[in-house]
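1. Structure for the following, please:
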Amino acid sequence: MGVELVNQVHTTINLTLDHSYSHINFLDTTIYIKNGTIQTSLYQKPTGRPAYLMWDSFHPHHIKKSIVFSQALRYNRICSNLDDRNKHLHSLQKTFVNQGYHSQTENNREPIVVTYNPQLNIIRKIARHLQPMLHTDTRLKQIFPELPLLSYRQPPNLRKMIVRSALPKTTKADQVAIPNTQKVYTILDHYSSASSNLVYMITCTRCSTGGIYIGETGPKLRTRMRTDIKSTPNH
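-> You can find the predicted model right below:
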């Protein structure tokens with residue numbers, strides 16, 4: 001009755017009401033219950049139509065590529081079921097193909113990681129120039145179907161060779177002993193400065209008595225450390 005009353009306000013606005021005991025649609029997500037667990041899937045309005053850029057538009061090439069990537073990433077994050085995700089991704093692929101985008105197969109080439117050297121650019125140009133010659137031979141074409149994919153790592157530089165971190169190297173341990181006591185606690189998991197919900201211990205290296213501070217943190221440990229450092233006066 002309430003929806004019918006609202007629809008009488010304006011002739012060009014028509015509201016609808018949907019209800020369900022098993023699922024609900026919110027924005028671009030359908031939330032439903034399956035086997036006693038909450039699942040999510042992609043939701044599109046019945047009147048919704050894809051409005052992506054045409055491939056032959058004059059927008060920069062990287063923008064059109066980013067549209068494909070961002071939409072596929074959105075589908076991957078929303079769909080909790082793998083088969084459901086693949087179904088929506090297949091539909092998305094057909095939509096982009098209809099918009100003039102090229103249907104490209106998955107690229108499984110493994111890059112060759114090498115240390116960067118200016119001479120490698122010359123070698124790459126030579127390989128690109130000789131690739132058609134290799135394809136004239138059937139056997140060589142099977143061995144070298146594509147140009148080698150090079151990935152560069154940064155070479156050693158003067159800064160890396162001279163500069164060293166002022167902080168000592170971190171140590172790993174599966175047990176921690178409390179100074180001046182006989183108590184030893186076993187660490188049951190792997191923790192780092194990015195971990196949260198921890199009980200931590202700080203040992204004073206300048207105190208003659210080996211003072212310690214034990215605290216707890218809900219946020220990440222490094223966030224709490226910054227707060228402790230700011231609140232501690234320098235001695």
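2. And the strands in this structure, which stretches?
-> With DSSP state E as the criterion, the chain has strands at 23-26, 29-34, 37-42, 112-115, 150-153, 175-177, 184-186, 196-203, 212-220.
3. Format those as JSON lines; extra columns: mean neighbour count.
-> Just so you know, the C-beta spots here come from the backbone N, C-alpha and C atoms, and that holds for glycine as well. Listed next are the strands of the chain as JSON lines, based on neighbours: other C-beta atoms under 10 Å:
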{"stretch": "strand 23-26", "mean neighbour count": "13"}
{"stretch": "strand 29-34", "mean neighbour count": "15"}
{"stretch": "strand 37-42", "mean neighbour count": "14"}
{"stretch": "strand 112-115", "mean neighbour count": "11"}
{"stretch": "strand 150-153", "mean neighbour count": "12"}
{"stretch": "strand 175-177", "mean neighbour count": "11"}
{"stretch": "strand 184-186", "mean neighbour count": "9"}
{"stretch": "strand 196-203", "mean neighbour count": "12"}
{"stretch": "strand 212-220", "mean neighbour count": "12"}
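4. Distance of the spatially most central residue of the chain relative to L92?
-> The centroid of the chain falls nearest to L73 when counting by C-alpha atoms, centre = their mean (9.3 Å). From L73 over to L92 the distance is 11 Å, taken as C-beta to C-beta, to the nearest Å.
5. neighbours of H88, just the number please.
-> 19 (other C-beta atoms under 10 Å).
6. mind listing what it touches?
-> Residues in contact with H88 (C-beta atoms under 8 Å, 6 or more residues apart in numbering) are 41-42, 75, 79.
7. of all those residues, which comes closest to K125?
-> Lowest distance from K125 to these (C-beta to C-beta) belongs to Y75, with 39.1 Å.
8. which residue sits closest to that closest one, ignoring its sequence neighbours?
-> Nearest in space to Y75, with sequence neighbours left out and distances taken as C-beta to C-beta, 6 or more residues apart in numbering, is H88 at 5.1 Å.
9. Can you give me the distance of the one you found to G215?
-> Distance, H88 to G215, by C-beta to C-beta: 47 Å.
10. Please name the bridge partners of Y185.
-> Listed by DSSP bridges, the beta-bridge partners for Y185 are V176.
11. how much space between it and P179?
-> Separation of Y185 from P179 (C-beta to C-beta): 13 Å.
12. repeat for G2
-> Distance, G2 to P179, using C-beta to C-beta: 69 Å.
13. And those two? Which one has more around it.
-> Remark: of G2 and P179, P179 carries more neighbours, 12 against 8, as counted by other C-beta under 10 Å.
14. Surely the more buried one and C204 touch.
-> No - using C-beta atoms under 8 Å, P179 is not in contact with C204; the gap is 10.0 Å.
15. Report the buried residues of stretch 61-68.
-> By neighbour count with 16 or more other C-beta atoms under 10 Å, stretch 61-68 contains the buried residues 64, 67-68.
16. Who's the closest spatial neighbour of Y43, skipping the chain neighbours?
-> Closest to Y43 by C-beta to C-beta, 6+ apart is T30, at 4.2 Å.
17. which ones are touching that neighbour?
-> Neighbour list for T30: 23-24, 40-43 [criterion: C-beta under 8 Å, 6+ apart].
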